[in-house]
Structures are given as structure tokens and as C-alpha cells.
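1. Mind folding the following:
(2 chains)
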Protein chains: 2
Amino acid sequence: MAKPLKVGLAGLGTVGTAVVHLLQSERDKLTSRCGRPIEIVAVSARSRGKKRGVDLKKLRWVADPAALAADPGIDVLVEVIGGAGNPAKRAVETALAAGKPVVTANKALLAAHGDKLATIAERHGVALNFEASVAGGIPIVKTLREGLNGNSFTRIYGILNGTCNYILSRMEQDRISFGECLREAQRLGYAEADPTFDIEGHDTAQKLSILASLAFGTKVDPAAIYVEGISSITLADLDAAAQLGYRIKLLGVAVRTEAGIEQRVHPTMVRKDSAIAQVMGVTNAVTIDAEGLSPITLVGPGAGGTATASAVVADLADIARGVRTPPFGRPVARMTAVRKAPMQRHEGGYYIRLLARDRPGSAATIARRLAQRQISLESIVQRHEFQPGSNGQPGRSGDPVPVILITYATSEDAVRKALAAVRRDRVISGRPQVIRIEKN
Amino acid sequence: MAKPLKVGLAGLGTVGTAVVHLLQSERDKLTSRCGRPIEIVAVSARSRGKKRGVDLKKLRWVADPAALAADPGIDVLVEVIGGAGNPAKRAVETALAAGKPVVTANKALLAAHGDKLATIAERHGVALNFEASVAGGIPIVKTLREGLNGNSFTRIYGILNGTCNYILSRMEQDRISFGECLREAQRLGYAEADPTFDIEGHDTAQKLSILASLAFGTKVDPAAIYVEGISSITLADLDAAAQLGYRIKLLGVAVRTEAGIEQRVHPTMVRKDSAIAQVMGVTNAVTIDAEGLSPITLVGPGAGGTATASAVVADLADIARGVRTPPFGRPVARMTAVRKAPMQRHEGGYYIRLLARDRPGSAATIARRLAQRQISLESIVQRHEFQPGSNGQPGRSGDPVPVILITYATSEDAVRKALAAVRRDRVISGRPQVIRIEKN
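-> The predicted structure is shown next:
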């Protein structure tokens, strides 16, 4: 029997515990597939006494994760502590600097220090694997890093946050407001007590920064991403989207443009019959566009102990077999800096919902302001119109009238300037809702 | 600069030509990703003079593919000749026996000789990669072999034949008969002049045998697969499926049962809101079920020069980087023999469409025969019923009445025996249509 791969496990939360389980239950299969057993020999976690439902008696307990990483008795460190700072950062750096491969599920750490950690891994010739850091059980990291090496990517986009997708799905399916859905998601444990990080798009942005780097060879830089969350989405938007053949998803999008790699996170209209539009609930999905190819979409569980642990174990299996690829698919020296794409220069179609004041000339004013910015309209829907006799129930004259506009491809700058002019003209009430349309 | 990986390319059809193109256009990126260039140095094909739109002038021409495989000037053989026999087989065997890794897109060769070729590869310590052999541009082979090593698979199923999915999609969307769709598919080049291999399910079976082996560690054995094609599917079935919330797909299914791995290819009812049901046209898709996990689905282009070539190039990139995994994910000695699962023992729900003779007692007889075999019904739909006054247009008494039955889980044996009894009772006209329902 070949020498086992000796694992030090830092972190014993949901994911860490599931890793212990999985390595035990899949032991024989993994040994056969890797040619050697994978064995946890030591663990580190905050609380030693906590009940976790797994047998840790035979494992050495090392209080400090960095000491675990340096321990000569371990061959590889699994870091599932989480967080961009210490102790996770120091543990990972210590292991890599000691020439030990690392498997981590820590998106925050990679988003903040991915290039630096990749540099240390490269210098010491060891693997840094992080399949579990993005989209849990979906093998998207390996797919981008190794599976599609023959493809020239043009765009990658995905549903990377289960909380947001759960909320948008529930709103649409059960006609519940954003606030109510959020409270329910919190009750079910799908959303944190402070949900800002998820619903304002920051979690998606961290994951997108990792995917963009793998797909386009850019340095990992969440600060280069334009981020907008889902809290402004209303049932009226979901209804209008449905009527127009779209669905609204919070997407992370990285796309190759003439100006460089544009990275953005925002609510997005996607064609209802596309693979990604079908993804409901907490499920995640990623679509990859490459030159000369139909899109490839991967759909699956984005979170949960078993899904995340299965990704950690697959990464360990690669290490056990001696497979090592550069962390981001190419040498760090070849990774390019990325500027924050100015959203003003984003080009695409737009959905605009506004409340027009019911007075003569409102529609004409709106149309003129858009035309002044060379914005062409694909469709206009004006509902609750005051047309006496049309349905026997004339609306009250004076009520603002919802107007939905769908533009052809234009620039964000043009849209913002046109709408600012419309507001100055005082022909609408409140702020217009603007949602970008992603061609797919 | 590290030494280039020197490639011998056997086969210059659509895929071979696309490989030449792709290695040229992606040269820099691949060099950066693999740490060395990948270069075609010699080619072999049937006709030297044929115009292919690629520059082959600088490449050596070797008439015999096996001689190309043995050529000391090449490091790796790419086989895109096709066919289970020679010259493809001899070329691949020659390369492996000479200690050279092989990349092949040849599903027929792998289905017929997969174990034997894996044995030669293993003996000589070289890679045998075949991402392109199943589902073209979808990286399903690598995903099963390496990406999901932490998962314990319970079932894998997929749409693996674009021709069949195109036909079923067109029939449903445009209400065209099977025969008309087939003729159109032939006109568009989606179906062969002799379409039997595709529409009778044999192409799907070859691919399924490879996927089942990767997922479950069984020997590659298409003869162990129950196979049934789509030529009996009618518009009436598609309509009934839609009304009941299903869609009909030709699926290849491999599932772990108590009796072993059941492998089957047949038209299947899948829930309309599932990811796989959304896959229309020539697109392929594979869904993977694993213990304790939500399903993972991969959707993408199943065929075409660029999609297939991109898979070939990804396999080459792994070889260039020195990555080698056992061809079927584990040593050949650990691959288990698979018996043909007797379909009589298949358990699941069934859709049954029959034409009941319009005479007193027909329905009662059918119900009794099913009850005798302990078959419970989830739903019964009887249309064009003779109910005077119900719609002012009574059907003609005497016309046979279509009846759609959906059963709860039962055995194939019970269904077949019950329907045989119903036929003997002479209460139906013609043969009943039976379509299996796949829980998803």
C-alpha cells in the first residue's frame, strides 16, 4: 500500500465536519481512485469540547491553525476556517511556505489575497486548490482551470449566491415582497442575521473575482467589480419581466470587451428560456461563452456541508494523485492587472420602469429625452392608461401611470443622462428603476 | 522555453481540421497555461489532396496512422479517425504500447475496447484521454473522473444524442410528425442518411457505457445496456406529456440499484421544470445525482468541430502539463464486470397510452388487469369521451377512446404482463404505448 496523504484540517464547522464524514465514508473508493489513502491526522478549531457528531478521538488536536500548518506530521492543509484575515491567512501562508499543498474553501481569503497566495504556492512548487470557494458542489474551478483549456472565453456569468436566488424565486413564484422573502430566508437559515453581504452582491463579487481570474487571467480584484444588489427589485419588475419573456437574476458577469475585462454584479434580465433562467431556489449556476461555441452551463448546489465538502475532497484527491496546476491556471507573472470597468461605458439593452405623471405631454417628453441620447426603444408598455371606455373602468385621472421601456443596445451613460433629464422635466414621480438586460 | 509537446494527428475530418485551427489560434494562451507549446508535427489522413482550409504544408504526412503512432518524432497521438476497428484501433494500440499518451474522440472504439486500451495505457504508464468522445464540448469525462471525486454517485443520466433531441424538440415545438422531423434533420445535416444508429439509441448507448464506467467503475460494456429508440414517439405522446407536466427526452441512464448498475437508453418522461427538460435542439446535457447532494447538471454543445476540438485540446493540455489519471478514474483491475440489467426488473413509474374500444366494460377490464398486477394509478385521462351533452359534440359511438394512464412505481414485468392480458381481452385496439418516467 502506498503512503497515505496525511491531512491537517483547520476548521470544524459545517464544512469541516462534513469533510471528516466524507473522507471516512468514501475511504475505499478514494484509495482506489488515488492509489493511496487520504487520512486526517490532526485538526484545529476554536472550541474543542463542542459536539459535532464525528469521532475526533484518534486525531491530534492542535490549538493554533498556523502550528497545524507547520506540523511536520501533515502533508497537506485543509483550511475551512473562513474569513479574509487571520487565523485563516496565516495558516495558509505557513503551509505553502513550508512546501505543503493547501485546499481551501475560503472565497474571502482568495478574493483579498489570491495573487499573493498563488505566488507563494508557485515559489514553493505546491498546489493551492479552491474548488469549494465558488458555487459549492459545482466543479467550476476545475472546469475553467483544466476542463476547458481549449476554449477562448468571451464571457462568464452566473448565479453565485443562493440567498439572492432563493429570494427572487420566492418573490416570483409566491408573489411575496422582497422584505417578507428576506425574513423567511433568515428563518430558514438561507440568509444571515445581517444579510447585507449577500443581498447587496458582495458575496457574488468575491466569487466572480475568482472566476474572472480563472477565465481571463486577470489578477483577483473584487474592488474592480461594479456591484449592485437586489433590494430594489419589486414584484412589479418581476411581473414586467415575465410579460416581456425575461426573468430577473442576480448575476456576476465577467466579459471581454474592447476596453478590457468588464466585471459586474447586478440584477439582470435574462431570457426566460435560457438555461440560467430556469435555475430557481438556492441552486447556483454558471454559464461559459467561448468563441465559436454554444454556451456551456453548469447547474448544481451552491452551498451546504456535503456539497462544499465534496469539492474539498476532490481537491485533496488531485493532490493525492500528484496533480498540480497553477492556482489560477497560469503562472502568476502572466496574470494581468484589471481596471475597474467604468459602468458608464457598459453597453447593452435596458429595462426601465417609471411612473409617468398623468398630464398631457409626459410621454412625448420622455420619448424626446431618450431620442436626444440616441436611445432606440424595442418596446414600450404603458398600463392603467386613461382611456375612457376601453375597459369600462377608467383610471383616476391624475394617478401616475407605470411605463415600461425596453431599449436596444445603448450605453449606461446615455441611459443615466436621459433619465436625469426626464427627472428634471418633472414628468415622472419617484426614481426610475433600471435593470440591465444580459443577452443570452 | 520548455520543450514543445509534439503531436501526431490521425484524421483530418471536421474535428481534425478544427484541432489544427484551435492549436494555432490558442497557441500563446496554451503555452502560458501548460508551460510549453503544443505543436502538431505530423498528420495522417485518407486523402492527401483534399482541400481543408488549413495550412498543412509544414507538417509531415504519414500515410499509415499506425506508422504515425510509432513515429519517434511524435510525443502524443491524437486519434480522430473514428470507428471501432482499424485503422483507429491499431493506431491507438501502437501509440500506447510505444509508451505514448493518446487523445481520442472515438466513442465507438472506447465502447468496444475501452478496458483493453486502458489496460495497455496502464501497463505503459501513459494517459488515455477521451473527453471528446462523449457530449462534445461538455467536460463531463473530466468532471466524473476528477472533478467529483468526493461524490458517491447514485445515478447519472443525460441527453447524449443531438439528433434525437433535435427531432423531439421540433416535434413538440412545431407539431411536426417524427418522420417529417427526421427528414428535415437529414436535410440540415443533423441526421445521417441512415439514421438508425442515432434514432434507435445505439449512439447514446455507446456514450452511456463510457459515462457509467467513469461514474460507477464498471467495465465498458454497451452490450449490457437495454436500448430503445424514439421512432415510436407520436405527437399524441408529446401532448399528453405536456398536459401532465412532463417532457419526453431520449435519455441514457445508469443507476445504482440493489441488483447492480442498471444501464438503459429509452424515451423517458422527465419533469418539465427540471434542468434536463429545458434542453432543446441539438444541445446535450448530463445530470449527476450523488448521495446527500442536489443534482449537478452540465449543459452544452454535444457535437460540432469546434466543440469537439476544444475537448481534444483540453486533453492535450493535461498531457503537456504532465497530468495523468487512470483512463476510467481507477486501476483497470478495480473495474467490475456489469451484467445486463433485466428490464423486467426495472422499477419506476410508467406512462401508458392505449386506445380503448368503446364498449361497455372496457375501462373496468383495463383497471382490473392492472389491479391484478398490483399496479396503482396516479392518474387516468380519458379523452373524447362519449358523454352526450357534455360539449354539445358527442363523439361517434364505436370510435376507440384514447386513455392515458400514469402509474405509481411498479415493475416493468408487472406492466408488461398487465398489458398483455389487456390485449388478450380485446378491449383495446393496436399496441399500447409505454414510456418510462424518470424521477427527477
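2. Is the residue of the stretch 301-440 of chain A found nearest chain B within a helix or a strand, and which one?
-> Closest approach between the stretch 301-440 of chain A and chain B, counting by C-beta to the nearest C-beta: A:Val313, at 2.9 Å. (C-beta placed from N, C-alpha, C; glycine too.) Applying DSSP states H and E as the criterion places A:Val313 in helix A:305-320.
3. Is there proximity between whichever strand or helix holds A:Leu250 and chain B?
-> In this assignment (DSSP H and E), A:Leu250 forms part of strand A:246-257. No - using C-beta under 8 Å from any C-beta of the partner chain, strand A:246-257 never reaches chain B; the gap is at least 12.4 Å.
4. what about the next helix or strand after that strand, near chain B?
-> Sequence-wise, the next helix or strand downstream of strand A:246-257 (DSSP H and E) is strand A:260-271. No - using C-beta under 8 Å from any C-beta, strand A:260-271 stays clear of chain B, with a minimum separation of 11.7 Å.
5. Give me the helices and strands touching the helix or strand following strand A:260-271, please.
-> Downstream of strand A:260-271, the next assigned helix or strand under DSSP H and E is strand A:283-290. The elements that strand A:283-290 packs onto, with contact taken as 3 or more C-beta pairs under 8 Å, 6 or more residues apart in numbering or on different chains; DSSP states H and E, are strand A:153-159, helix A:162-174, strand A:296-301.
6. Can you give me the buried ones in the first one?
-> What that stands for is strand A:153-159. For strand A:153-159, the buried set under the neighbour-count rule, 16 or more other C-beta atoms under 10 Å in any protein chain shown, comprises A:Phe153, A:Thr154, A:Arg155, A:Ile156, A:Tyr157, A:Gly158, A:Ile159.
7. any chance of those in a markdown table, with distance to chain B and pLDDT too?
-> Shown next, in a markdown table, are the buried residues of strand A:153-159 (distance: C-beta to the nearest C-beta, whole Å; pLDDT from 0 to 100):
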| residue | distance to chain B | pLDDT |
| --- | --- | --- |
| A:Phe153 | 10 | 95 |
| A:Thr154 | 13 | 96 |
| A:Arg155 | 14 | 97 |
| A:Ile156 | 13 | 98 |
| A:Tyr157 | 14 | 98 |
| A:Gly158 | 13 | 98 |
| A:Ile159 | 13 | 98 |
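8. picking up where we left off before, how about the nearest residue to the residue of the stretch 301-440 of chain A closest to chain B once chain neighbours are set aside, secondary structure?
-> Leaving aside its sequence neighbours, A:Val313 sits nearest to B:Gly150 (C-beta to C-beta, 6 or more residues apart in numbering or on different chains; 2.9 Å). Classification of B:Gly150 by DSSP: H, G, I helix; E, B strand; the rest coil places it in coil.
9. do you know how far B:Gly150 is from A:Arg321?
-> To A:Arg321, B:Gly150 is 13 Å away according to C-beta to C-beta, to the nearest Å.
10. And for A:Leu96?
-> To A:Arg321, A:Leu96 is 20 Å away according to C-beta to C-beta.
11. For the spatially closest residue to A:Gly229 that is not a sequence neighbour, grab phi and psi.
-> Spatial nearest neighbour of A:Gly229, chain neighbours left out: A:Glu200 (3.6 Å); criterion: C-beta to C-beta, 6+ apart. When read as degrees, to the nearest 10, the backbone of A:Glu200 gives phi -90, psi 10.
12. List the contacts of A:Glu200.
-> A:Val227, A:Gly229, A:Ser231 (C-beta atoms under 8 Å, 6 or more residues apart in numbering or on different chains).
13. neighbours of the last one, just the number please.
-> Yep, that's A:Ser231 we're talking about. Around A:Ser231 there are 16 other residues, counting by other C-beta atoms under 10 Å in any protein chain shown.
14. The least confident helix or strand in chain A by mean pLDDT packs against which elements?
-> Ranked by mean pLDDT, DSSP states H and E, the weakest helix or strand in chain A is strand A:377-382, scoring a mean of 88. Packed against strand A:377-382 by the contact rule (3+ C-beta pairs under 8 Å, 6+ apart) you find strand A:401-407.
15. pretty sure A:Asp198 is in a helix, no?
-> Yes - counting by three-state DSSP, A:Asp198 is located in a helix.
16. From A:Gly260, how far out is A:Lys340?
-> 10 Å.
17. for A:Ile138, same thing?
-> Between A:Ile138 and A:Gly260 the computed distance is 27 Å (C-beta to C-beta).
18. which residues in the stretch 51-200 of chain A form helices?
-> A:65-70, A:88-97, A:107-123, A:140-142, A:162-174, A:178-187, A:196-199 (DSSP state H, counting those that start in this stretch).
19. hmm, the shortest one in reach of chain B?
-> In this case it means helix A:140-142. Yes - with C-beta under 8 Å from any C-beta as the criterion, chain B is reached by helix A:140-142 at A:Lys142.
20. what comes into contact with that helix?
-> With C-beta under 8 Å, 6+ apart, helix A:140-142 has contacts from A:129-131, A:133-134, A:158, A:210-211, A:214, A:286, A:298, A:314, B:142-143, B:146-147.
21. tell me which of these is nearest to B:Val7?
-> B:Val7 has its nearest neighbour among those in B:Lys142, at 19.2 Å by C-beta to C-beta.
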